[in-house]
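> model this:
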Amino acid sequence: MPLKKGKLVGWGNYPVAESYILTPRSENDSRNILQDTPLIARGLGRSYGDQAVNNNRYVALCTHLNHFISWNEAEGILTCQAGVSLDEIITVFAPKGWFPMICPGTKFVTLGGAIANDIHGKAHHIDGSFVNCVISFTILLADGTIVTASRTENADLFWANFGGLGLLGIILTVTMKMRKIETTYFRQKSIAIRNLDHMLEALETYDQEYNYSVAWIDAVAKGKKLGRGVLSLGNGAAFNELPERLKHHPLKLHSPTKLTVPFFLPGFALNSLTVRVLNKVIAVVQNSPKEFVHYDKFFFPLDMINNWNKGYGKRGFIQYQFVIPEEDGKKNLTEILEMIADSGCTPFLNVFKKMGEGQGILSFPFRGYTLAIDFPVTSRLLAFTPKLDEKVLSCGGRLYLGKDALLEEKMFKEMYPQYPEWLSVKQKYDPQNKFSSDISRRLGLEAM
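Purely as a prediction, here's the structure:
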């Protein structure tokens, strides 16, 4: 199998790692690369940090393992290889009236990556995370065997893989439940939010009325305007709800992306002035008067711009996502937002949501509030995030490992006190750490 060495990064373009890249195209290829270890599987590279890079070690690029295997239309159950992306699934099945049950902020994520990060979306408080739509998967283990994992078969392996960052083996196939739909449109409601009190009140008010909810917060607002933004709510639209102009093509697919950021923008493009201007623009765009919106705009607005991550420049950026409990939520969110506004770290795009109950061992979500916010990488940011980590921990919160690039091992273990349970599964199935990555070494997620 061809082997090349090259620079690999996550979606945040930080950090950069030199890795040996292998490209398996079959199950036998996957088994053969086990001799090239330590190894980590990689999909479309949409994890933000060092989850799918392996400095001076091996990376298996699994995007060619992307074939559909079986489809049970009566029950809405799909089986396919783990290199299949949500984009490919939507393209094939949306015109047939089926859609993935759990969608994150991008459709360009493979099923293997969705499991490794236990992705979640705007309806976590209703639908939960990706584990809730997966029936079973097959996985290539360190000893070369291929086993099936489900809630009843190899259950420890099943639960440890959701949020397990691909460190227990190479997921080969996935069997998942799909959602039946009448249209590919959503009935949307946008609410201009005055401040944090108004935001939390609105989330509580509309929590049961709308399955999908997400908010944008003006992260540089202070004082009485702290927490202001726009709350977007939505439900899948039934056919009879659509206006006549949309009924002619109720299962419309997304169009190919035409806009592209062709090169890295200069580092000075994002500064306190431009961020304030862009925040005003975002506020106008988010507060849409449209009642019906297509899924591509509703779920995946940033997918409409290819390589949008280059807008942060060559220095790269991190997406800092935390979740904190509902208890004392207003007080803790106020203090965190004030820290961010005063940090001088140029916070930009962000997403604020309410989350439901968590599952899995290293899965990120639990019942509470989550904020994901982009920061361009600077020396000031590197000095600030440890302080923010401490604050999140003191609130009873934790960071999303699928996006993290900076967390230290000690802090990780305090945020995830259940990590010894995951390590026991790692010790059982991969005692020699054949599956390893930069983040596993950084956080101590390796068998002893």
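> could you measure residue 234 against residue 191, distance?
Counting by Cβ to Cβ, to the nearest Å, the gap between residue 234 and residue 191 amounts to 12 Å. C-beta here means a position set from N, CA and C on the backbone, and glycine is covered the same way.
> and the two? which has more neighbours close in?
residue 234 (23 against 19; other Cβ atoms under 10 Å).
> Name the SS class of the more buried one, please.
Classification of residue 234 into helix, strand or coil gives strand, according to DSSP: H, G, I helix; E, B strand; the rest coil.
> what pLDDT does it get?
Predicted confidence (pLDDT) for residue 234: 96.
> any idea how far it is from residue 180?
In this structure, residue 234 and residue 180 are 18 Å apart, going by Cβ to Cβ.
> I figured residue 134 was touching residue 115, is that so?
Yes: assessed by Cβ atoms under 8 Å, residue 134 is found in contact with residue 115 at 6.7 Å.
> check contacts around residue 445.
Residue 445 makes contact with 165, 167, 419, 422-423, 426, 439 under the criterion Cβ atoms under 8 Å, 6 or more residues apart in numbering.
> 7 Å - rerun?
For residue 445, the contacting residues are residue 167, by Cβ atoms under 7 Å, 6 or more residues apart in numbering.
> where in the stretch 201-350 of the chain is pLDDT low?
Counting by pLDDT under 70, the ranges of the stretch 201-350 of the chain that qualify are 267-289.
> which residues of it fall in strands?
Along the stretch 201-350 of the chain, counting by DSSP state E, counting those that start in this stretch, strands occupy 212-217, 229-236, 259-260, 292-294, 305-306, 317-325, 350-355.
> Need the residues that contact the longest one.
Residues outside strand 317-325 that contact it (Cβ under 7 Å, 6+ apart) are 12, 14, 48-49, 332, 355, 364-366, 368-377, 385, 392, 395-400, 403, 405-406.
> What of stretch 22-34?
Contacts of stretch 22-34 (Cβ under 7 Å, 6+ apart): 1-3, 36, 39, 58, 60-62, 64-65, 140, 142, 144, 170, 172, 434.
> Okay, buried residues for it please.
Neighbour-count burial for stretch 22-34, with 16 or more other Cβ atoms under 10 Å as criterion, is recorded at 22-24, 27, 29-31, 33-34.
> Centre-most residue in this structure?
residue 119 (4.9 Å; Cα atoms, centre = their mean).
> Now for the residue nearest to that residue when sequence neighbours are not counted: which residues touch it?
Counting by Cβ to Cβ, 6 or more residues apart in numbering, residue 119 lies nearest to residue 104, which is 4.3 Å off, once chain neighbours are set aside. Counting by Cβ under 7 Å, 6+ apart, residue 104 touches 119-121.
> From those residues, which land in strands?
Secondary structure assignment by DSSP state E places none of the contacts of residue 104 in strands.
> Turn the residues you listed into JSON lines, including distance to residue 72.
Written out in JSON lines, the entries for the contacts of residue 104 read as follows (distance: Cβ to Cβ, whole Å):
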{"residue": "119", "distance to residue 72": "23"}
{"residue": "120", "distance to residue 72": "25"}
{"residue": "121", "distance to residue 72": "24"}
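> Please render those residues as CSV that adds pLDDT and distance to residue 222 to the earlier fields.
Below are the contacts of residue 104 laid out as CSV (pLDDT from 0 to 100; distance: Cβ to Cβ, whole Å):
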residue, pLDDT, distance to residue 222
119, 97, 33
120, 96, 30
121, 94, 30
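> sorry, back to before: mind giving me the PyMOL command for buried ones among the contacts of strand 317-325?
Filtering the contacts of strand 317-325 down to the buried ones (16+ other Cβ under 10 Å) takes a single PyMOL command:
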select buried, resi 12+14+48+49+332+355+364+365+366+368+369+370+371+372+373+374+375+376+377+385+392+395+397+398+399+400+403+405+406
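> Can you report how many residues neighbour residue 19?
Counted by other Cβ under 10 Å, the residues lying close to residue 19 total 24.
> For it, give me the backbone phi and psi.
With angles defined as degrees, to the nearest 10, residue 19 shows backbone torsions of phi -130, psi 150.
> and it, what pLDDT?
The predicted local distance difference test score for residue 19 is 95.
> What residues are recorded as beta-bridge partners of it?
When bridges are called by DSSP bridges, residue 19 pairs up with residue 6.
> What of residue 175?
For residue 175, the beta-bridge partners under DSSP bridges are residue 79, residue 136.
> these two touch, right, it and residue 136?
Yes: A contact is recorded between residue 175 and residue 136 when judged using Cβ atoms under 7 Å, the distance being 4.9 Å.
> if we can go back for a sec, got the strands of the stretch 201-350 of the chain as TSV, with distance to residue 251 columns?
Supplementary listing: those in TSV, determined by distance: least, Cβ to Cβ, whole Å:
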stretch	distance to residue 251
strand 212-217	19
strand 229-236	12
strand 259-260	24
strand 292-294	11
strand 305-306	24
strand 317-325	32
strand 350-355	27
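> For residue 8, which of the ones you listed is the nearest?
Using Cβ to Cβ as the criterion, the shortest distance between residue 8 and the strands of the stretch 201-350 of the chain is 16.6 Å, found for strand 317-325.
> Can you say which of the contacts of stretch 22-34 are buried?
By the neighbour-count criterion of 16+ other Cβ under 10 Å, these include these buried positions: 36, 39, 58, 60-62, 65, 140, 142, 170, 172, 434.
> just the residues you listed now: which is nearest residue 360?
Distances from the buried ones among the contacts of stretch 22-34 to residue 360 were compared by Cβ to Cβ; the smallest belongs to residue 170, at 18.9 Å.
> Kindly list the main-chain dihedrals of the residue nearest to that closest one when sequence neighbours are not counted?
Nearest in space to residue 170, with sequence neighbours left out and distances taken as Cβ to Cβ, 6+ apart, is residue 140 at 4.4 Å. With angles defined as degrees, to the nearest 10, residue 140 sits at phi -90, psi 120.
> Just the element for residue 91, please.
Secondary-structure element containing residue 91, defined by DSSP states H and E: helix 86-93.
> starting at the chain centroid, how far to that helix?
Averaged C-alpha coordinates place helix 86-93 at 18 Å from its chain's average position (Cα atoms, centre = their mean, to the nearest Å).
> I appreciate the help and will end here.
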